[in-house]
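> the following comprises the amino acid sequence and a computationally predicted model.
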Amino acid sequence: MTIAALNQGGTSLPDRDYYLNQDDKSKTLRDAYVKHVAKMFVLAGDNPESAATAADTILRIETTIAQNQRDRVANRDPDKRYNKMSVADLQKLTPDFDWALYFKEIKAPKFDSLTVGQPEVFPELGQAFD
């Protein structure tokens, strides 16, 4: 049986702790990441000021996502990672996100149920884009 699955993600740095740790090394890595993202926007044609603003926004969004993710140890528990639910139940987790439209746009095959690896992440996901 093939089943659709959703799992936590959406961050560019390797682990949630890169966003959350407050030690000097972590802050230096985040600063370098923001500079890198801004440079990519400049290379794509943005002016430096709007590129810097966009890079800061990306870090803010990814930090919000990371705040709601499980850490590596908690995510190793296979019993917590297998949460089968209907698409309707997924929609209840994130009422402001149109999953039907999303699945249609990514051309996902039709399905009625899926596994959600970290269901506690999804209700908070909308905060990242406010």
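All right, it came through fine. Numbers count the residues shown, from 1 in each chain.
> can you name every helix or strand that the helix or strand where Lys39 lies contacts?
Here Lys39, judged by DSSP states H and E, is contained in helix 24-43. For helix 24-43, the packing partners by 3 or more C-beta pairs under 8 Å, 6 or more residues apart in numbering; DSSP states H and E come out as helix 17-20, helix 48-67. In short, each C-beta sits where N, CA and C put it, glycine included.
> put together CSV for those helices, with mean neighbour count and distance to Leu101 on each row.
Shown next, in CSV, are the helices and strands packed on helix 24-43 (neighbours: other C-beta atoms under 10 Å; distance: least, C-beta to C-beta, whole Å):
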stretch, mean neighbour count, distance to Leu101
helix 17-20, 17, 28
helix 48-67, 16, 20
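> need those helices in TSV with mean pLDDT and distance to Leu93, can you?
Converted to TSV, these look like this (pLDDT from 0 to 100; distance: least, C-beta to C-beta, whole Å):
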stretch	mean pLDDT	distance to Leu93
helix 17-20	96	22
helix 48-67	95	15
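> out of those, which gets nearest to Val34?
Smallest distance to Val34 across the helices and strands packed on helix 24-43 (C-beta to C-beta): 4.7 Å, for helix 48-67.
> sorry, back to before: buried ones in the helix holding Lys39?
The neighbour-count check on helix 24-43 (16 or more other C-beta atoms under 10 Å) flags 29-30, 33-34, 37-38, 41-42 as buried.
> quick check: of those residues, which lies closest to Gln69?
Distance to Gln69, by C-beta to C-beta, is smallest for Arg30 among the buried residues of helix 24-43, at 16.0 Å.
> roughly how far does that closest one sit from Leu90?
Look at Arg30 and Leu90: by C-beta to C-beta, to the nearest Å, they are 31 Å apart.
> using JSON lines, lay out the helices and strands packed on helix 24-43 together with distance to Pro123.
Listed next are these as JSON lines, based on distance: least, C-beta to C-beta, whole Å:
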{"stretch": "helix 17-20", "distance to Pro123": "19"}
{"stretch": "helix 48-67", "distance to Pro123": "13"}
